[in-house]
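J.: Got a sequence here, can you build the structure:
(chains A and B)
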Protein chains: 2
Amino acid sequence: MVVKVYGPAYASPKRVLVCLLEKGIEFETVPVDIIKGETQNPDFLNLQPFGCVPVIQDGDYTLFESRAIIRYYSEKYKNQGTDLLGKTIDEKGLVEQWLEVEAHNYHPHIYNLALHILFASALGFEADQKVIEESEQKLAKVLDIYEARLSKSKYLAGDFFSLADLSHLPFTQYLVGAMKKEHLIRDRKHVSAWWDDISNRPSWKKVLQL
Amino acid sequence: MVVKVYGPAYASPKRVLVCLLEKGIEFETVPVDIIKGETQNPDFLNLQPFGCVPVIQDGDYTLFESRAIIRYYSEKYKNQGTDLLGKTIDEKGLVEQWLEVEAHNYHPHIYNLALHILFASALGFEADQKVIEESEQKLAKVLDIYEARLSKSKYLAGDFFSLADLSHLPFTQYLVGAMKKEHLIRDRKHVSAWWDDISNRPSWKKVLQL
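T.: From the prediction side, this is the model:
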């Protein structure tokens, strides 16, 4: 069964795509245009009542929320492709911990930066310079903690690549690219090496080419 | 090994406590006073570099982020106490989905309400009436989606109590209690029945008595 992924052009669905590529799971993508309001169409809301991407359909199974989807496939195909959950329950606990850190400590600030630097005009509001400055300061503090962590282990959850690292890819790509904030990564030796490592994985390069 | 839980007086650590009670796991609590700045002490930051509660220590294993901790114990003791993850991989996917919905769609609004209605003065800032009104409106919309969902299944992830429901307990308790916003729950028949069900579980009653 080929997995259908809705909204491949956006950052959160790219979490799902890179995970499926790491796991060697076949998929096809279904374009969704948020700006044109397609996530608010009744058919889409039937799949995802909050009107967000991504959603996946896998036969008659539907799932939304990118971090739920990547957990689902990493577990369902535990022994296929890259193991993204760690080898033991204790390792998996640390994967979950850093995946939650990504969601609650890292994402809110990088999301605000992306929203105000990249998408404000397309979404019809004025970028708020104060939000941009505060978000950058907060993200820098989070990255200082990452720097300390990554000076002790190669990846966030330990010496193995996991969902915790993978989940950072889409928005950090915006940060070093279109947002022109690469210094936040490059100013930190271990974060910089970690970013080079994870962003050069064939799976992520393939997502960027899609 | 008795699990040490830091910060039992606060809402997020209560997610961990109710989970440990459901699983029948022995624990002891370690008080932490956020207002006095104890989460910013070097010893605490050594356990939790972001300066937040909860943290657990289980022998020499340390873990933070409440939703990571509850996943860890639900999986580690899968066959002990209440099964909080569903029986199949597909059920677990839906548990993950609704746990993510709680974290990303429900929590931000209820957290803002709690912050501005309950904790602004203790934290030394002025409650913002506009934030309160907007957060309540957004939370109401989320609860409309919950109402539709709960008209089709007894609990969020299906006809079984899971981490997805459990994770709502601490902040919803503030909402119906100290925040005096119980109407948001009671105005919705299925949400109201769901709340009565989950908040009357012996595990949650015990957490409230601690």
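
J.: Would you map out the domains in chain A?
T.: As assigned by automatic domain parsing, chain A contains the domains A:3-76, A:89-201.

J.: Same list, those, but as CSV with mean pLDDT please.
T.: Formatted as CSV, the domains of chain A follow (pLDDT from 0 to 100):
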stretch, mean pLDDT
domain A:3-76, 97
domain A:89-201, 97
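
J.: could I get those domains as CSV with distance to chain B?
T.: Where C-beta positions appear, they are placed from N, C-alpha and C, glycine not excepted. Output for the domains of chain A, formatted as CSV (distance: least, C-beta to the nearest C-beta, whole Å):
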stretch, distance to chain B
domain A:3-76, 4
domain A:89-201, 4
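
J.: In JSON lines, list these along with mean neighbour count.
T.: Shown next, in JSON lines, are the domains of chain A (neighbours: other C-beta atoms under 10 Å in any protein chain shown):
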{"stretch": "domain A:3-76", "mean neighbour count": "19"}
{"stretch": "domain A:89-201", "mean neighbour count": "18"}
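
J.: List just the one of those domains that sits closest to B:Lys152.
T.: domain A:3-76 (11.4 Å; C-beta to C-beta).

J.: coming back round to it: which stretch among the domains of chain A comes nearest B:Asp159?
T.: Nearest of the domains of chain A (C-beta to C-beta): domain A:3-76, 16.8 Å.

J.: Now find how far off-centre that closest one is within its chain.
T.: 12 Å (C-alpha atoms, centre = their mean, to the nearest Å).

J.: can you tell me the distance between the two ends of it?
T.: With C-alpha to C-alpha, to the nearest Å applied, domain A:3-76 spans 13 Å between its terminal residues.

J.: cool, and stretch A:167-186?
T.: 19 Å.

J.: can you list contacts of it?
T.: A:11-12, A:14-15, A:18, A:66-67, A:70, A:99, A:102-103, A:106-107, A:110-111, A:113-114, A:117-118, A:136, A:139-140, A:143, A:191-192, A:195, A:198-199, A:204, A:207-208 (C-beta atoms under 8 Å, 6 or more residues apart in numbering or on different chains).

J.: what do you get for stretch A:110-130?
T.: A:11, A:35, A:131-132, A:135-136, A:139, A:171-172, A:174-175, A:178-179, A:181.

J.: okay, how far is it across that stretch, tip to tip?
T.: Stretch A:110-130: ends 14 Å apart by C-alpha to C-alpha.

J.: Make a markdown table from the contacts of stretch A:110-130 and add distance to B:Phe50 and secondary structure to it.
T.: Shown next, in a markdown table, are the contacts of stretch A:110-130 (distance: C-beta to C-beta, whole Å; DSSP: H, G, I helix; E, B strand; the rest coil):
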| residue | distance to B:Phe50 | secondary structure |
| --- | --- | --- |
| A:Ala11 | 23 | helix |
| A:Ile35 | 34 | coil |
| A:Val131 | 21 | helix |
| A:Ile132 | 22 | helix |
| A:Ser135 | 16 | helix |
| A:Glu136 | 18 | helix |
| A:Leu139 | 13 | helix |
| A:Phe171 | 18 | helix |
| A:Thr172 | 18 | helix |
| A:Tyr174 | 23 | helix |
| A:Leu175 | 19 | helix |
| A:Ala178 | 27 | coil |
| A:Met179 | 23 | coil |
| A:Lys181 | 21 | coil |
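
J.: Tell me the secondary structure at A:Gly86.
T.: Secondary structure, DSSP: H, G, I helix; E, B strand; the rest coil: A:Gly86 is coil.

J.: who touches the closest residue to it other than its chain neighbours in this structure?
T.: Nearest residue to A:Gly86, sequence neighbours excluded (C-beta to C-beta, 6 or more residues apart in numbering or on different chains): A:Lys92, at 4.7 Å. Residues in contact with A:Lys92 (C-beta under 8 Å, 6+ apart) are A:Leu85, A:Gly86, B:Tyr72, B:Glu75.

J.: From these, pick the one nearest A:Asp187.
T.: A:Gly86 (29.3 Å).

J.: Test my guess that that closest one contacts A:Phe161.
T.: No - if you go by C-beta atoms under 8 Å, A:Gly86 and A:Phe161 don't touch, sitting 10.2 Å apart.

J.: Got the phi and psi for the spatially most central residue of chain A?
T.: Here the mean C-alpha position of chain A is nearest to the C-alpha of A:Ser167 (C-alpha atoms, centre = their mean), at a distance of 3.7 Å. Backbone dihedrals for A:Ser167, given as degrees, to the nearest 10, come out at phi -70, psi -20.

J.: before we move on, what about A:Gln57?
T.: phi -120, psi 130.

J.: repeat for the one 4 residues further on
T.: Geometry field for A:Tyr61 lists phi and psi as phi -100, psi 130, criterion degrees, to the nearest 10.

J.: How about A:Leu63?
T.: phi -140, psi 140.

J.: quick one, helices of chain A?
T.: Counting by DSSP state H, chain A has helices at residues A:11-23, A:42-47, A:66-76, A:89-101, A:107-114, A:120-123, A:129-150, A:163-166, A:169-176, A:183-186, A:189-199, A:202-209.

J.: returning to that earlier point: now, among the contacts of stretch A:110-130, which is nearest to B:Thr29?
T.: Using C-beta to C-beta, these come closest to B:Thr29 at A:Leu139, 32.7 Å.

J.: Just give the nearest non-adjacent residue to that closest one, would you?
T.: In space, A:Leu139 is closest to A:His109, 4.1 Å off (C-beta to C-beta, 6+ apart).

J.: Show the contacting residues for A:Ile198.
T.: Contacts of A:Ile198 by C-beta under 8 Å, 6+ apart are A:Tyr155, A:Phe161, A:Asp165, A:Leu166, A:His168, A:Leu169, A:Trp204.

J.: 6 Å instead?
T.: A:Asp165 (C-beta atoms under 6 Å, 6 or more residues apart in numbering or on different chains).

J.: what separates it from B:Ile110, distance-wise?
T.: For A:Ile198, the distance to B:Ile110 equals 33 Å [C-beta to C-beta, to the nearest Å].

J.: swap in A:Val30?
T.: A:Val30 is 32 Å from B:Ile110, by C-beta to C-beta.

J.: A:Leu150 now?
T.: When A:Leu150 is compared with B:Ile110 (using C-beta to C-beta), they lie 33 Å apart.

J.: now swap in A:Trp98 and tell me
T.: 25 Å.

J.: Kindly report the same for A:Arg186.
T.: For A:Arg186 relative to B:Ile110 (C-beta to C-beta), the value is 38 Å.
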